[in-house]
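**Student:** Below is the sequence, then the predicted model.
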Amino acid sequence: MTATARAEALHRLRAANPIDRAGLSGTPLGEGLEASGIRFVAIGGPLEQRWNDALADLTRCIRPIDGPPVLNEGGVYDGCWLESTGTINVEILDRFAPGIGRDTLLQFAALQRDDGMIPYKVTPSGAGFSQIQIVTPLARVVWRHFQRTGDRGLLRTMYDAMVRYDEWLARYRDTAGTGAVEAFCAFDTGHDLSPRFWFAPDRAFGGDARQVDPAASGVPYIAPDLTANVACQRAYLAVIADELGEDGTPWRDRASASLDALWEQCFDEVDGMFYDRDRSGRFVRIASDVLLRVLACEVGDEAFFAEALRRHLMNTRRFLAHHGFTTIAMDDPRFDHDSSRNSWGGPVNFLAQLRAPEAFEQHGHVAELTLTAGPVLAALAVADRFPQCLDPWSGDAGFTEVYSPSILWFLDAVERYSGVLERPDGTLWFSGFAPTRLEHAAAAEAIGYARVIHDVSWELTADDDLVDVLKDGLPVFSFPRGWRVQTDAVGEVTSIIGLAAQPVAGALVLPAGTVQLEIAPNERVTLSGGNVIGRSSVEFISPVF
């Protein structure tokens, strides 16, 4: 392929005005995008229009509840939910509009109850306290927001609130004294319609999250996802405490104790799965996205994660459908792929897809993540809305629309796999898995992505062969499709990572010279001054059939 399509993409990129095209002028999201300088174009196919549709729908999810504009969950969900809107959604939104992310976080601290409980949701009707609903660790999101913005006031406010909430959870959600965290109802984990909670109540007893129904079957459950959440939460509270000049050691000790309780109470070595343990001490043997949730809370080493991929997450009889990770294992007779309702009983749910990168990236399994994201991106590219669920077989859009997790997944996917992404630690990712081979007529011939970072303009163009990167309008490096180039904050190349499912050979072209390389899936090549100084890799695990 010639450079013509990339040149056209660069020309279109420089003329692009997503604020006008998506109707964002004068909106909080428009202000955030203007400051970040983010633009995206695609030559051919529907991706560019869908990207602008995503921005237009996202701004519909940003509106005041009782104060400044904040992110709302969207779709049929009028308000902010701590398990999603206030955590993983904010983490992605922070890359586009950190001011909105800040206000979304602070409302949860402002509405904290006197006994220390943080509301599980905030809606126009007020704050909700009938369940806990924690999945992504709030402290990790707060820490990364601080890394991006340096907002010490927010860090202090949120730390104090989270300390009090940790005390609340320890007081009310460990009735058996195991050191783990218990679920009293289905909504504690947001697992609507999941067989995990058959014959358990939806909400805590009397609408009070401190109370379990004494007549309910099974609950309280010792819950692996809730326990893993608190373990990870405490680890990040230690980091925040250190930053604030306090001693983080007690938090590290508590995090370790939570991990011990997780493994002791909830892990089945034979199945290689985490299960709830019911009030009689029996495992609730439902293989669900609890596994992915636990892994996304930084539980387990590389060997454990690789085994989880082989046995479960990359297994097409278990969780790997063609259009994403299912919420119940497909070989479970209770699996239901009906995506037409708010169901965690089987369908691909975009909140699960949005949380998945945290598990894969931390262990270096980026090629598997890239592979599994492709059909999901194609499905959204040709969909008529941004839904909560996808049909695992067809990829057809399911329940609801204008749903912020699927909107943010789409925006994240474009940037994560073929754009310019600034990490919370200040490093930069230039990813070269251009969406030129998507199915269902979703492919582009070439794409362009731009972002301003610390007053420096970065531009990336890519086609099916090559990726070009420019800094303040001047070429700085190029590399083949299928690699990710990582740099420091000023753009000095520090490593190259293999995103593709097969080895990719080619050249990293730098102003000082050319480096010829073949990079395997998941391989990381470390460079200094344009010279290779190290290579490392983790096993690439293909889909298991």
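**Tutor:** That came through fine.

**Student:** number of nearby residues for residue 476?
**Tutor:** Residues contacting residue 476 under the criterion other Cβ atoms under 10 Å number 19. All C-beta atoms are positioned from the backbone trio N, CA, C, and that covers glycine.

**Student:** Let me fix that, I meant to ask about residue 472.
**Tutor:** The local packing of residue 472 (other Cβ under 10 Å) involves 12 other residues.

**Student:** Tell me how far it lies from residue 512.
**Tutor:** 18 Å (Cβ to Cβ, to the nearest Å).

**Student:** Secondary structure element holding the residue lying farthest from the centre of the chain?
**Tutor:** Here the chain reaches farthest from its C-alpha mean at residue 215, the gap being 37.0 Å by Cα atoms, centre = their mean. Assigned by DSSP states H and E, residue 215 falls within no helix or strand.

**Student:** next one: residue 467
**Tutor:** Counting by DSSP H and E, residue 467 is part of strand 466-471.

**Student:** What helices and strands are in contact with the helix or strand following that strand?
**Tutor:** Using DSSP H and E, the next helix or strand after strand 466-471 towards the C-terminus is strand 474-480. With contacts taken as 3 or more Cβ pairs under 8 Å, 6 or more residues apart in numbering; DSSP states H and E, strand 474-480 sits against strand 466-471, strand 504-510.

**Student:** Pick the most buried one from the ones you listed.
**Tutor:** strand 466-471 (a mean of 21; mean count of other Cβ atoms under 10 Å).

**Student:** Could you list every helix and strand in contact with that one?
**Tutor:** helix 4-15, strand 456-462, strand 474-480, strand 483-487.

**Student:** and of these, who's closest to residue 307?
**Tutor:** strand 483-487 (25.0 Å; Cβ to Cβ).

**Student:** Show me how far the closest one is from its chain's centre.
**Tutor:** Relative to the mean C-alpha coordinate of its chain, strand 483-487 is positioned 20 Å out (Cα atoms, centre = their mean, to the nearest Å).

**Student:** okay, the angle between that strand and strand 504-510?
**Tutor:** 30 degrees (axes from the mean of the first three to the mean of the last three Cα atoms, to 10 degrees).

**Student:** Please pull up the helix or strand immediately following strand 483-487.
**Tutor:** Next along from strand 483-487, by DSSP H and E: strand 493-498.

**Student:** who does that next one pair up with?
**Tutor:** strand 483-487 (antiparallel), strand 524-528 (antiparallel) (DSSP bridges).

**Student:** Comparing the ones you listed, which comes out most buried?
**Tutor:** strand 483-487 (a mean of 23).

**Student:** Give me the angle between that strand and strand 456-462.
**Tutor:** Going by the same axes, to 10 degrees, strand 483-487 makes 170 degrees with strand 456-462.

**Student:** Go ahead and name everything in contact with strand 483-487.
**Tutor:** 366, 427-433, 467, 469, 477, 479, 493-500, 504, 506, 508, 519 (Cβ atoms under 8 Å, 6 or more residues apart in numbering).

**Student:** pLDDT on it, on average?
**Tutor:** Strand 483-487 carries an average pLDDT of 98.

**Student:** do stretch 513-530 as well
**Tutor:** On average, stretch 513-530 scores 96.

**Student:** residues of it that come out buried?
**Tutor:** 515, 517, 519, 520, 521, 522, 523, 524, 525, 527 (16 or more other Cβ atoms under 10 Å).

**Student:** Switch the residues you listed over to CSV; also include distance to residue 306.
**Tutor:** Formatted as CSV, the buried residues of stretch 513-530 follow (distance: Cβ to Cβ, whole Å):
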residue, distance to residue 306
515, 29
517, 24
519, 19
520, 15
521, 13
522, 10
523, 15
524, 16
525, 20
527, 26
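
**Student:** Which of those sits closest to residue 68?
**Tutor:** Out of the buried residues of stretch 513-530, the member with the shortest distance to residue 68 (by Cβ to Cβ) is residue 524, at 41.2 Å.

**Student:** so who does the closest one touch?
**Tutor:** So residue 524 contacts 364, 495, 496, 497, 498, 535, 536, 537 (Cβ under 8 Å, 6+ apart).

**Student:** and it, what are its bridge partners?
**Tutor:** residue 497, residue 536.

**Student:** Would you map the strands across the stretch 1-150 of the chain?
**Tutor:** 39-43, 62-64, 69-71, 80-81, 121-123, 126-128 (DSSP state E, counting those that start in this stretch).

**Student:** nearest to residue 233, of those strands?
**Tutor:** strand 80-81 (16.9 Å).

**Student:** Residue ranges in the protein under the pLDDT threshold?
**Tutor:** Within the chain, the segments meeting pLDDT under 70 span 1-2.

**Student:** Give me the secondary structure label for the residue nearest to residue 485 when sequence neighbours are not counted.
**Tutor:** Counting by Cβ to Cβ, 6 or more residues apart in numbering, residue 485 lies nearest to residue 430, which is 4.6 Å off, once chain neighbours are set aside. Three-state assignment for residue 430 (DSSP: H, G, I helix; E, B strand; the rest coil): strand.

**Student:** okay, the contacts of residue 524 in TSV with distance to residue 259 and neighbour count next?
**Tutor:** Output for the contacts of residue 524, formatted as TSV (distance: Cβ to Cβ, whole Å; neighbours: other Cβ atoms under 10 Å):
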residue	distance to residue 259	neighbour count
364	21	20
495	29	19
496	33	25
497	28	20
498	31	26
535	31	14
536	26	11
537	27	15
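
**Student:** where exactly do the helices run in the stretch 201-350 of the chain?
**Tutor:** 224-243, 249-266, 290-296, 302-308, 350-362 (DSSP state H, counting those that start in this stretch).

**Student:** The next helix or strand along the chain from the last one to strand 524-528, inter-axis angle?
**Tutor:** Elements were assigned by DSSP H and E; along the chain past helix 350-362, the next helix or strand is helix 366-381. Relative orientation of helix 366-381 versus strand 524-528 (the same axes, to 10 degrees): 110 degrees.

**Student:** So what's the gap between the next helix or strand after helix 366-381 and the chain middle?
**Tutor:** Counting by DSSP H and E, the next helix or strand C-terminal to helix 366-381 is strand 389-390. When distances are taken as Cα atoms, centre = their mean, strand 389-390 is centred 16 Å away from the chain's centroid.

**Student:** Show me what strand 389-390 is packed against.
**Tutor:** Counting by 3+ Cβ pairs under 8 Å, 6+ apart, strand 389-390 packs on strand 348-349.

**Student:** Residue 138: which of the strands of the stretch 1-150 of the chain is closest?
**Tutor:** Nearest to residue 138, of the strands of the stretch 1-150 of the chain and by Cβ to Cβ, is strand 80-81 at 12.0 Å.

**Student:** can you list contacts of the closest one?
**Tutor:** Outside strand 80-81, the residues that reach it (Cβ under 8 Å, 6+ apart) are 65, 70-73, 86, 104, 107-108, 120-123, 133, 190.
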